[in-house]
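Participant: All I have is the shape, not the residue letters:
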């Protein structure tokens, strides 16, 4: 793991040097693209549902949204929206097609970069593939206000890469003890091996707000004791049987039941994401849209 962290920092120095030597790179005045990774220590916590529902609501709020399905072996986002994309990221990494040709349109005009399903070839990206994706996304910087990266669950090399490449890390967990333990394990790995210092917490499938705050307190307490990190509480999503119905119908719940308590919780979460202060300073690792952040700070 430590070797990977060194590799990312070496890539970062290369990108920074190239950026400052290239006068042709410029951003629209005042425009920055915010990149959120939505991640979890274990599967089954509703991470993809969080991505899909918040994306729709952010688009309704006037944001140009891109979803990057980073679960490269088990695609989910296109299934959630009932889409059948012709191409996916496997075609991009194979060198057969450019990134923009993979884009598919979802509800409310959100754009999606779908992953492949059942293909193991790209479940571990090499350095060249990572840099190619970084540069291809960077070329699209002016097209989007918000990018949501739906990572795979766990602590694989791809998970650490997409989390370190994002500006903000959103950790999704549930009140289940195993989910809390795995969420902490993910934050510990990203902190100790990749020097991530700031995390945002979303607690899904809660029975009450007190239950969500208890999860936040537990994680904060152990993090304060053993890790040098900060955790911000972004919000919670209630347990709702209608979520199962939405998944079966390949629709997001904010479309099927817009007046429900779960849709209200997702709307509150989306507004919080917009209103959260932007971290414009690049982190110590290679990042998507990093060149734009560097230009913004000049």
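Facilitator: It's in. All values derive from a computational prediction rather than experimental measurement.
Participant: For residue 38, name its beta-bridge partners.
Facilitator: Following DSSP bridges, residue 38 is listed with bridge partners residue 150, residue 170.
Participant: shouldn't it be in contact with residue 50?
Facilitator: Yes - applying C-beta atoms under 8 Å as the test, residue 38 and residue 50 come out as touching, 5.8 Å apart. (Glycine included, C-beta is placed from N, CA and C.)
Participant: Show me which of the two is the more surrounded one.
Facilitator: Remark: of residue 38 and residue 50, residue 38 carries more neighbours, 27 against 23, as counted by other C-beta atoms under 10 Å.
Participant: State the distance from that one to residue 72.
Facilitator: According to C-beta to C-beta, to the nearest Å, residue 38 stands 15 Å off from residue 72.
Participant: okay, and the common contacts of residue 38 and residue 50?
Facilitator: Listed contacts common to residue 38 and residue 50 are 170, 172; contacts here mean C-beta atoms under 8 Å, 6 or more residues apart in numbering.
Participant: Tell me who's in contact with the most centrally placed residue in the chain.
Facilitator: The centre of the chain sits closest to residue 37, judged by C-alpha atoms, centre = their mean, with a distance of 1.9 Å. Contact analysis of residue 37 by C-beta under 8 Å, 6+ apart lists 70, 149, 151, 162-163, 165-166, 168-170.
Participant: try 10 Å this time
Facilitator: Neighbour list for residue 37: 51, 68, 70, 147-151, 159, 161-171, 190, 200, 288 [criterion: C-beta atoms under 10 Å, 6 or more residues apart in numbering].
Participant: Kindly report the same for residue 153.
Facilitator: 39-45, 47-48, 71, 74, 159, 172, 182, 186.
Participant: measure the nearest residue to it once chain neighbours are set aside to residue 100 for me?
Facilitator: With C-beta to C-beta, 6 or more residues apart in numbering as the criterion, residue 153 has its nearest non-adjacent residue at 3.9 Å, and that residue is residue 43. Distance, residue 43 to residue 100, by C-beta to C-beta: 30 Å.
Participant: Equivalent analysis for residue 75, please.
Facilitator: 19 Å.
Participant: If you count surrounding residues, which of those two has more?
Facilitator: A direct count of neighbours by other C-beta under 10 Å for residue 75 and residue 100 places residue 75 higher, at 23 against 13.
Participant: State the distance from that one to residue 102.
Facilitator: From residue 75 to residue 102 the distance is 12 Å (C-beta to C-beta).
Participant: Can you pull the residues that touch both of those two?
Facilitator: Residues touching both residue 75 and residue 102 by C-beta under 10 Å, 6+ apart: 85, 88-90, 114-115.
Participant: State the pair within these that is farthest apart.
Facilitator: 85 and 90 (10.9 Å; C-beta to C-beta).
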